[in-house]
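Novice: Sequence and predicted structure are below.
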Amino acid sequence: MKRLGVNIDHIATIRNARGENHPDPIFAAKFVKKSGADSITIHLREDRRHINDNDAKQICSINKLLVNLEISTNYKMVKSAIRLKPNFVCFVPENRKEITTEGGLNLKKNKIKLKKIISLFKKKKIRTSLFINPSLNDIKISKELKSDCIEIHTGRLSNLVKSNKNYANELKKIIKCSSLAHKLGLEVHAGHGLDYKTTKLLTKIKEIKEFNIGHYLVGESLFYGLPKIIKNFKRIINRK
Ligand code: PXP
């Protein structure tokens with residue numbers, strides 16, 4: 001079975017728009033799990049734009065909820081993440097002015113730092129993942145760094161599909177990268193910009209074991225409700 005991770009950052013964004021406590025991301029985390037998600041994802045950003053420290057602390061202590069915590073490789077964030085003890089950690093690049101995570105990590109430039117950080121989390125038995133662009137070289141480096149998983153940034157594919165442009169080459173890149181990563185023993189995840197159509201395209205890649213989806217899923221839920229949309233995505237990702 002392929003797994004669905006639901007990113008609930010956008011629920012914190014709506015809460016923060018009012019500076020009050022509703023909608024509550026902690027309630028959302030429990031509700032999303034009850035609605036069938038296999039895990040939830042939260043991105044504790046350096047600028048605390050959506051999820052804050054208290055949300056992360058409470059969400060990471062919910063019983064039997066698998067939490068995938070996204071963080072940058074900043075040492076302060078690493079220290080916080082180790083204290084929070086999530087089940088999984090995913091390292092992502094961060095840039096103060098970006099609207100969302102715009103690309104994968106620069107592995108080549110940050111090899112030494114990443115290797116150290118990954119080993120810290122592995123010692124704590126926290127599953128590690130690197131958010132990378134679909135590049136064969138980055139897959140090889142991820143293996144060298146001893147990450148457990150890689151998450152392929154699907155933003156470019158999603159943009160091409162949504163704007164009705166030719167996406168064949170980008171899809172081919174993702175297929176090749178998934179295959180190499182799997183051969184090297186890295187678990188393959190995919191995320192960013194995914195909607196029903198792009199998720200359908202990617203479910204054909206058997207090596208992809210986990211999808212992490214946020215913006216579209218939460219947006220659709222405004223109209224049809226979280227349980228229905230989560231069910232739709234679960235059906236899509238496990239369609240043979
Ligand atoms: N995976 C990672 C590593 C992310 O950083 C994000 C959001 O920035 C997502 C998945 C989810 O992307 P989206 O909200 O576009 O579905």
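Specialist: All right, it came through fine.

Novice: For stretch 154-166, buried residues please.
Specialist: By 16 or more other CB atoms under 10 Å, the buried positions in stretch 154-166 come out as 154-158, 160-161. Heads up, the C-betas are built off the backbone N, CA and C, glycines and all.

Novice: meant to ask about stretch 215-226
Specialist: Neighbour-count burial for stretch 215-226 [16+ other CB under 10 Å]: 215-218, 220-221, 226.

Novice: got it, and stretch 172-192?
Specialist: Those would be 173-175, 177-182, 186-192, for stretch 172-192 by 16+ other CB under 10 Å.

Novice: which of these come close to the ligand?
Specialist: Among those, the ones lying near the ligand by CB under 6 Å from any ligand atom are 191-192.

Novice: what residue ranges in the protein score low on pLDDT?
Specialist: Counting by pLDDT under 70, the ranges of the chain that qualify are 240.

Novice: Spatially central, which residue of it would that be?
Specialist: Closest to where the C-alpha atoms of the chain average out (CA atoms, centre = their mean) is residue 212, at 4.5 Å.

Novice: That one contacts residue 190, doesn't it?
Specialist: Yes: at 7.5 Å, residue 212 counts as touching residue 190 under the criterion of CB atoms under 8 Å.

Novice: Give me the contact list for stretch 26-40.
Specialist: Contacts to stretch 26-40, defined as CB atoms under 8 Å, 6 or more residues apart in numbering, come from residues 3-8, 11, 42, 55, 58-59, 62, 64-68, 87-88, 210, 226-227, 230-231, 234.

Novice: How far off centre is it?
Specialist: Relative to its chain's centre, stretch 26-40 lies at 15 Å (CA atoms, centre = their mean, to the nearest Å).

Novice: how about it: buried residues?
Specialist: Neighbour counts over stretch 26-40 (16+ other CB under 10 Å) mark 26, 28-33, 35, 37-40 as buried.

Novice: With stretch 191-198 instead?
Specialist: By neighbour count on 16+ other CB under 10 Å, the buried set for stretch 191-198 is 191-195, 198.

Novice: these two touch, right, residue 178 and residue 210?
Specialist: No: contact between residue 178 and residue 210 fails when scored by CB under 8 Å: they sit 11.8 Å apart.
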